[in-house]
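**Q** Coordinates for the following, if possible.
(one chain, ligands or ions: 1)
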Amino acid sequence: MDDIFCKIIRKEIPKEFIYESENLVAFEDINPSADVHILIVPKQHIESIRDVKSEHGQLLTEVYQAVNKLVTDNNLENGLYRVVVNGGKAQHVPHLHFHLLGGQWKKMV
Ligand code: AMP
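**A** Alright, predicted model coming up:
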């Protein structure tokens, strides 16, 4: 696939990963909408929520486990965070991704 997140995952575009596992990467959003703005991206190309199937259950569990780790690592346990799920043709990047937004919000994602 040719979307920018697939290129980052294939390391065709250099990016420092905050977190990487067999199935996921996480990196800072290039245009942050909050004090902490991290993208958690499945390596598998799933375009949007509309394409999620029951076989993705374990992957989605891993996403939220990674979110939990990043919440702890960024001292966000006090609850000042949100997770926004995007992906699909109507958004900017047609590759399912999870925005972890913490602290003060500056704008909508
Ligand atoms: P959306 O699909 O609406 O969730 O928007 C895609 C998000 O990816 C935006 O918040 C962008 O700032 C972010 N983004 C796009 N390209 C990059 C990149 N090369 N590195 C990090 N974040 C990016």
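**Q** Pretty sure residue 59 sits in a helix.
**A** Yes - secondary structure assignment places residue 59 in a helix (DSSP: H, G, I helix; E, B strand; the rest coil).
**Q** my read: it touches residue 23, true?
**A** Yes - the pair residue 59 / residue 23 is scored as a contact, 5.7 Å apart, by CB atoms under 8 Å. Using the backbone N, CA and C atoms, a C-beta is placed for each residue, glycine as well.
**Q** Give me the more crowded residue out of these two.
**A** Neighbour count, other CB atoms under 10 Å: between residue 59 and residue 23, residue 59 has more, with 16 against 13.
**Q** separation between that one and the ligand?
**A** Distance of residue 59 to the ligand, computed by CB to the nearest ligand atom, to the nearest Å: 18 Å.
**Q** Quick one, grab the pLDDT at that residue.
**A** With respect to pLDDT, residue 59 scores 98.
**Q** and the gap between it and residue 44?
**A** 7 Å (CB to CB, to the nearest Å).
**Q** Now for residue 59 and residue 23: what residues contact both?
**A** Here residue 59 and residue 23 share the contacting residues 42, 44, scored by CB atoms under 8 Å, 6 or more residues apart in numbering.
**Q** what residues are up against the residue nearest the centre of the chain?
**A** The chain has residue 40 as the residue nearest its centroid, 2.1 Å off, counting by CA atoms, centre = their mean. For residue 40, the contacting residues are 19, 24, 25, 26, 63, 66, 67, 70, 97, 98, 100, by CB under 8 Å, 6+ apart.
**Q** Which single one of those residues is nearest to the ligand?
**A** Nearest to the ligand out of the contacts of residue 40 is residue 97 (CB to the nearest ligand atom; 6.2 Å).
**Q** list the residues that contact both of residue 59 and residue 44?
**A** With CB under 8 Å, 6+ apart, residue 59 and residue 44 have common neighbours residue 23.
**Q** Just grab the bridge partners of the residue nearest to the centre of the chain for me.
**A** residue 26, residue 98 (DSSP bridges).
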